[in-house]
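> This is a predicted model, with the sequence first.
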Amino acid sequence: MSFRLHNTLGGAKETVFAADGRTLRFYCCGPTVYGPAHIGNFRTFAVQDVFRRVAEAHGLATCHVRNLTDVDDKTIRQSQAEGTTLAAFCAHWTERFHRDCAALNLLPPHHEPSAVANIPEQIFLIDRLLERGHAYRAEDGSVYFNVASFPAYGRLSGLDRRELRPGAVARETADEYATREQAADFVLWKAHKPADGPNAWASPWGRGRPGWHIECSAMAMRYLGESFDLHSGGVDLIFPHHENEIAQSEAATGQPFVRHWLHVAHLLVDGGKMSKSLGNLYTLDDIVARGHTPAELRLALLSGHYRQPLNFTWNSLHAARAALTRIARLLVSAPSDAKSAADFGPFSEVFAALSDDLNTPHALGVLFGTLESFERGRRPFAADEAANLRALLGVWGIPPPSLEAAPVIVPPEIRALAEARQSARARRDWAEADALRAQLTAAGWALRESADGYDMRPVSGESP
Ligand SMILES: [Zn+2]
């Protein structure tokens, strides 16, 4: 059985392999560390984690690089607003990111370079582009990539070069640099502006900071070489970020940059877009505050195919909890003396689904069909099957669940509503007590009251 995966570049399903015959070398665009990552970010990181685990289960050694973006407009502005240094600000959010990744059982990458720690590599790459005539200096000291000098531009995104117009240029390339020659040209080095404060580095073109795109090319090449196996990120990065990475890397080296591109579709919440203004940009802490576990979130994030948008609902977490409980029940029913299995036994079809373009929804369907045949006693569930199941959970990155009930963590504002209701009841203000219960229900919490007090649990199927 081979591991096959859709390649955004070319659009075909291709076998995953290490070009050097030894180590599968891949790069994942990491977080901008200016706040907590949200569950949409973690969908992408969870899919990349399963990708790596499936590759390793196929016997491939891996070298996984994921960067930290620790210098850009957002990190600089936010650190200034908080009156702290860029380094201290980013260190704080990096630590939070690591904590969330560990809770979600994401394997740490083998290398986690940061943009600030790789300024010389980025300067070197920009210098090569200037030397080869693919970049130019603007009057203010900024350096731009000349898109017209790279005929293959647009190959990854299927973008027609004639469509390159100012409106198509996104993120920081759209900064108010009027000096670039073409609207599609993107910045490689940004000249220092007073608003950047002390966040500037010396370069042959004067003080400034690298653009966002060049950082990924420089760090990927530092750890993986000028040509490597696979590059991954969310679909929103295909254009312009990954298109720009390809252009500047291949223009600088004359080598193909990456063979295989893996992109993960968006996460929706309750059928719609996630956004700060809608208040549905959930973090792991928000999920845990509603009484759910990171393992439940991980399973919910993997319940859809990675190339399709996935709709997150609170119900999907309840479904994940029910699924993990079934697995836990089955695991406790088997003796625990088997060694880990080399093949997955009755679960091998599940592994085959994962190996076919990471088809996690099909794999889950087969998994629970197999579990049912054990639950109904149609197959014997013995120690070696328990080992098979544990090994398979390892490929999903789901720690073997236990039957101990997950602790319910009640957010303080919910606790305050419940307390207010208890006082309303004590003073026999039934109207107020009813109104408070209605508020709790609307927030997705059920209250069970008795003579000795009350306890609370999140309500199945409720949206916030
Ligand atoms: Zn990137």
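Great, that's in hand.
> so residue 373 is in which element?
helix 360-375 (DSSP states H and E).
> Residue of the stretch 351-464 of the chain closest to the ion, please.
Going by C-beta to the ion, the ion is nearest to residue 358 of the stretch 351-464 of the chain, at 20.6 Å. Yep, even glycine has a C-beta here, placed from its N, CA and C like the rest.
> The stretch 151-300 of the chain: helices as residue ranges?
Assigned helices in the stretch 151-300 of the chain, in chain order: 212-224, 243-253, 284-289, 294-301 (criterion: DSSP state H, counting those that start in this stretch).
> Make JSON lines from those and add mean pLDDT to it.
JSON lines is the format used below for the helices of the stretch 151-300 of the chain (pLDDT from 0 to 100):
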{"stretch": "helix 212-224", "mean pLDDT": "97"}
{"stretch": "helix 243-253", "mean pLDDT": "97"}
{"stretch": "helix 284-289", "mean pLDDT": "93"}
{"stretch": "helix 294-301", "mean pLDDT": "97"}
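> To residue 73, which of those helices lies closest?
helix 212-224 (9.0 Å; C-beta to C-beta).
> do the closest one and the ion meet at all?
Yes: using C-beta under 5 Å from the ion, helix 212-224 comes into contact with the ion via residue 216.
> And for the nearest residue to residue 388 once chain neighbours are set aside, the neighbour number?
Of all residues not flanking residue 388 in the chain, residue 345 sits nearest, at 4.2 Å (C-beta to C-beta, 6 or more residues apart in numbering). Using other C-beta atoms under 10 Å, residue 345 has 17 neighbouring residues.
> list the contacts for residue 345?
By C-beta atoms under 8 Å, 6 or more residues apart in numbering, the residues touching residue 345 are 384-385, 388.
> on that earlier part again, next, the angle from the helix holding residue 373 to helix 294-301.
Interaxial angle, helix 360-375 versus helix 294-301 (axes from the mean of the first three to the mean of the last three C-alpha atoms, to 10 degrees): 120 degrees.
> Contacts for helix 360-375 next, please.
Helix 360-375 is contacted by residues 50, 302-306, 323, 326-327, 329-330, 346-347, 349-351, 353-354, 356, 379-381, 385, 392 when judged by C-beta under 8 Å, 6+ apart.
> Give the buried subset of those residues as a PyMOL selection command.
A single PyMOL command selects the buried members of those (16 or more other C-beta atoms under 10 Å):
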select buried, resi 50+302+303+304+305+306+323+326+327+330+346+347+350+351+353+354+356+381+385+392
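> now the strands for this structure?
4-6, 13-15, 23-28, 61-66, 135-137, 143-145, 186-191, 208-210, 228-234, 258-264, 267-269, 310-312, 445-450, 453-458 (DSSP state E).
> Partner strands of the third one, with direction?
In its sheet, strand 23-28 lies beside strand 61-66 (parallel), strand 228-234 (parallel), with partners assigned from DSSP bridges.
> can you put those strands in TSV and add mean pLDDT, mean neighbour count and distance to the ion?
Below are those laid out as TSV (pLDDT from 0 to 100; neighbours: other C-beta atoms under 10 Å; distance: least, C-beta to the ion, whole Å):
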stretch	mean pLDDT	mean neighbour count	distance to the ion
strand 61-66	98	20	10
strand 228-234	98	24	6
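> Same list (those strands) but as a markdown table, adding distance to residue 443.
Shown next, in a markdown table, are the strands paired with strand 23-28 (distance: least, C-beta to C-beta, whole Å):
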| stretch | distance to residue 443 |
| --- | --- |
| strand 61-66 | 35 |
| strand 228-234 | 30 |
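> about what we covered before: tell me the confidence at the residue of the stretch 351-464 of the chain closest to the ion?
Per-residue confidence (pLDDT) for residue 358: 98.
> Next, count neighbours for the residue lying closest to residue 67 once chain neighbours are set aside.
Take residue 67 and drop its neighbours on the chain: the residue closest to it by C-beta to C-beta, 6+ apart is residue 30, 4.4 Å away. Neighbour count for residue 30, taken as other C-beta under 10 Å: 25.
> Would you enumerate the residues in contact with residue 30?
66-69, 112.
> Which members of the residues you listed are the farthest-apart pair?
69 and 112 (11.6 Å).
> Quick check: residue 54 touching residue 3?
Yes: using C-beta atoms under 8 Å, residue 54 makes contact with residue 3 at a distance of 6.0 Å.
> if we can go back for a sec, dump the contacts of residue 345 into JSON lines; add distance to the ion and pLDDT as well.
Formatted as JSON lines, those follow (distance: C-beta to the ion, whole Å; pLDDT from 0 to 100):
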{"residue": "384", "distance to the ion": "43", "pLDDT": "88"}
{"residue": "385", "distance to the ion": "42", "pLDDT": "89"}
{"residue": "388", "distance to the ion": "37", "pLDDT": "91"}
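> before we move on, back to that, got TSV for the strands of the chain, with distance to residue 422 too?
Formatted as TSV, the strands of the chain follow (distance: least, C-beta to C-beta, whole Å):
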stretch	distance to residue 422
strand 4-6	55
strand 13-15	58
strand 23-28	48
strand 61-66	47
strand 135-137	67
strand 143-145	63
strand 186-191	57
strand 208-210	55
strand 228-234	45
strand 258-264	45
strand 267-269	32
strand 310-312	33
strand 445-450	8
strand 453-458	7
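> what does this protein put close to the ion?
Proximity of the chain to the ion, by C-beta under 5 Å from the ion, involves residues 29, 216.
> remind me which residues of the chain are low pLDDT?
160-181, 336, 340-342, 405-409, 458-464 (pLDDT under 70).
> and residue 19, what does it touch?
Residue 19 makes contacts with 25, 227-229, 259, as judged by C-beta under 8 Å, 6+ apart.
> The contacts of residue 345 in helices, which ones?
If you go by DSSP state H, those have 384-385, 388 in helices.
> so residue 304 makes contact with residue 316?
No: the criterion here is C-beta under 8 Å, and residue 304 misses it with residue 316 at 9.1 Å.
> which residues does residue 232 bridge with?
residue 28, residue 262.
> contacting residues for it?
So residue 232 contacts 26-29, 44, 48, 51, 261-264 (C-beta under 8 Å, 6+ apart).
> Looking at these, spot the one nearest the ion.
residue 29 (3.2 Å).
> any idea how far the closest one lies from residue 212?
From residue 29 across to residue 212, the span is 10 Å (C-beta to C-beta, to the nearest Å).
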